[in-house]
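Got a predicted model here, sequence first, then my questions.
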Amino acid sequence: MIPCIAMIAIVDYRAGNLTSVARALEHLGHRSEITDRADRICAADRVILPGVGAAGATMANLARLGLVEVLRDEVIGAGRPFLGICIGIQVLLERSEEDDARCLGVIAGAVRRFPAMIDGRPLKVPQIGWNRVYQRRAHPIFEGIPNPSYFYFVNSYYPAPADPSLVIAASDYGVEFCAALARENLVATQFHLEKSGAVGLRMLDNFCRMNA
Amino acid sequence: MLAKRIIPCLDVRAGKVTKGVQFLANVDVGDPVAMARYYYEEGADELVFYDITASNERRGIMIDVVRAVAREIFIPFSVGGGLRTLEDMRAVLLAGAEKVSIDSGAVRNPALIAEGARAFGSQCIVLSMQVKRTGNPNCASGCEVIIDGGRTPTGRDALEWACEGERLGAGELCINSIDRDGTKLGYDLEITRSISARVSIPVIASGGAGEPKHLLAAFTSGLADAAIVASIVHYGEYPIPQLKRYLRDNGVEIREAVSLERSAP
């Protein structure tokens, strides 16, 4: 028998840039599989929901692929290690102002758009670039990560969880917003771990090594 | 708020970096993957590759380069040069680029911007424009848009085209001054500032950086969000960490590159 090697499922919901997470995991020496199959997702040791996309389209694709209940109940609800990135953090909340989409609702709260104006000056939306992430709570995903560190963001919307104690990191883009949240085995970031250089790779590696 | 980005630009022809690029470091000069890795480790915030291979049959080589780069660097990078269709864009994005940079193709077919934004999201679409102070009286901003590698004037005003590009769905604008390109005299601050003040998407200054103070000027009086660097870094004269230190010392918000070694478990 070949010993069972830990496997990470990257959820394929037809969004852009799934392969960049796979390449980062490969670089770190972790085995992963891009899949839309419920049985593969449920069999994986860890699940990552990455991606760039709109909330409405993402939820519609997850529904069409029959993955809404799988993610909500069998992965997150069952307490299995889960990492959401970018749109993968936003769909955890109840609703998004983007497309007025109903999301997975595993985290109470909403997803809001950055304001168009700040102090009478227009704010460039989406924010595209490197922003400082301040760790607000100790979490194993931050092991070895300087506080603050710069991470790469591409977003027009940000998660606003109702329970502020879930916020493990915050950033400032005109408004202070939740950059990362965590609850039990669930952790999610608004920034792109796979595009944030050494600190992003380290956080991804930390997720892959977190005790389930 | 966001850090200002420094973006090294690599011109690639038939899979090799052109412009007698030379380094002090031990890098295989001309190998785009080795150079990408070098700049990544030096703390570049992003990279851009321009495929200056003219012919279509060589396009596959660039895709291979993109794929190889994507396996080695974990910061965003964009690819431009000769992208004319949605399929061209899809190919480089699937190969691992974060963004596509469209230029002459967008001027000839502005719908390409909207189609690209719809298919891949605005954040993927960088509208790159070559601008020149031609004295064309129809160009109120003072700069005219030129296409086909600087050969063909379009009669379009640079500011007007920038606003049109934003309206069509471009996620970022890259303003390359043909007058300044390769001169090391500094960016064209005036056109960069006029465009950045008018649009609500990030503006990237390009063309003319020869000294650190040129980047400082682009980020302050030029209102640029990012700056393309080429010869200033390619010849090893000003390594990226030195540029970043200078900018930080002058009050610009700049990302500090971190190197993290995981200690043995």
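Sure, I can see it.

Report the buried residues of stretch B:210-227.
Neighbour counts over stretch B:210-227 (16 or more other Cβ atoms under 10 Å in any protein chain shown) mark B:210-212, B:214-220, B:222-227 as buried. Where C-beta positions appear, they are placed from N, C-alpha and C, glycine not excepted.

Can you give me the first-to-last residue distance of that stretch?
Terminal residues of stretch B:210-227 are spaced 12 Å apart (Cα to Cα, to the nearest Å).

hmm, who's touching it?
For stretch B:210-227, the external contacting residues (Cβ atoms under 8 Å, 6 or more residues apart in numbering or on different chains) are A:124, A:128-129, B:2, B:4-7, B:45-46, B:172, B:183-187, B:189, B:192-193, B:196-197, B:202-206, B:208-209, B:229, B:231-232, B:238, B:242-243, B:246-247, B:250, B:252.

go on, stretch B:144-157?
B:52, B:103-104, B:107-108, B:129-134, B:136, B:138-141, B:143, B:158, B:161, B:178.

Would you pull up how far it lies from the middle of the chain?
Distance of stretch B:144-157 from its chain centroid, counting by Cα atoms, centre = their mean, to the nearest Å, is 18 Å.

in that stretch, what counts as buried?
B:144-147, B:154, B:156-157.

Which of these scores worst on pLDDT?
Within the set of those, pLDDT is lowest for B:I147 (93).

For that one, grab phi and psi.
Note on B:I147: its backbone torsions stand at phi -120, psi -180 [degrees, to the nearest 10].

From the contacts of stretch B:144-157, list the buried ones, please.
Neighbour-count burial (16+ other Cβ under 10 Å) is assigned, among the contacts of stretch B:144-157, to B:52, B:103-104, B:107, B:129-134, B:136, B:139, B:141, B:143, B:158, B:161, B:178.

Nearest to A:G174, out of the buried residues of stretch B:144-157: which one, please.
Of all the buried residues of stretch B:144-157, B:D157 has the smallest distance to A:G174: 30.5 Å, by Cβ to Cβ.

Any chance of the backbone angles for the closest one?
phi -70, psi 140.

and it, how far is that from B:G149?
20 Å (Cβ to Cβ, to the nearest Å).

dump the residue contacts of the residue nearest to B:K99 when sequence neighbours are not counted.
With Cβ to Cβ, 6 or more residues apart in numbering or on different chains as the criterion, B:K99 has its nearest non-adjacent residue at 3.7 Å, and that residue is B:S78. By Cβ under 8 Å, 6+ apart, the contact list for B:S78 reads B:46-49, B:97-101, B:126.

Of these, which belong to helices?
Among the contacts of B:S78, no member is found in helices (DSSP state H).

so of these, which ones are in strands?
Using DSSP state E, the subset of those located in strands is B:47-49, B:99-101, B:126.

Grab the two from the residues you listed that are most spread out in space.
B:L47 and B:V100 (13.5 Å).

who's in contact with the helix ranked longest in chain A?
Longest helix of chain A, by residue count under DSSP H: helix A:197-209. Helix A:197-209 is contacted from outside by A:6, A:8, A:21, A:24-25, A:27-28, A:30, A:46, A:48, A:81, A:83, A:140-146, A:149-152, A:187, A:189, A:191-194, A:196, B:40, B:74-75, B:257-260, B:262, using Cβ under 8 Å, 6+ apart.

Can you tell me which of the contacts of B:S78 is nearest chain A?
B:E98 (6.5 Å; Cβ to the nearest Cβ).

which helices and strands does the lowest-mean-pLDDT helix or strand in chain A pack with?
The least trusted helix or strand in chain A, going by mean pLDDT, DSSP states H and E, turns out to be strand A:121-122, with a mean of 86. In terms of contacts (3 or more Cβ pairs under 8 Å, 6 or more residues apart in numbering or on different chains; DSSP states H and E), strand A:121-122 is packed against no helix or strand at all.

Sheet-wise, list the partners of that strand with their directions.
In the sheet, strand A:121-122 lines up against strand A:117-118 (antiparallel) (DSSP bridges).

now the partner strand, how far from the chain's geometric center?
Taking the mean of its C-alpha atoms, strand A:117-118 sits 26 Å from the chain's own mean (Cα atoms, centre = their mean).

For it, what does the pLDDT average out to?
90.

quick one: the helices in the stretch 1-150 of chain B?
Taking DSSP state H, counting those that start in this stretch to define them, one finds helices in the stretch 1-150 of chain B at B:32-42, B:59-72, B:86-94, B:104-108, B:111-120.

Then chain A?
With helices called from DSSP H, chain A shows them at A:18-28, A:38-43, A:55-64, A:68-69, A:87-90, A:197-209.

export the ones you listed to TSV and tack on mean pLDDT and mean neighbour count?
Below are the helices of chain A laid out as TSV (pLDDT from 0 to 100; neighbours: other Cβ atoms under 10 Å in any protein chain shown):
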stretch	mean pLDDT	mean neighbour count
helix A:18-28	93	20
helix A:38-43	95	15
helix A:55-64	92	18
helix A:68-69	97	15
helix A:87-90	95	27
helix A:197-209	97	22
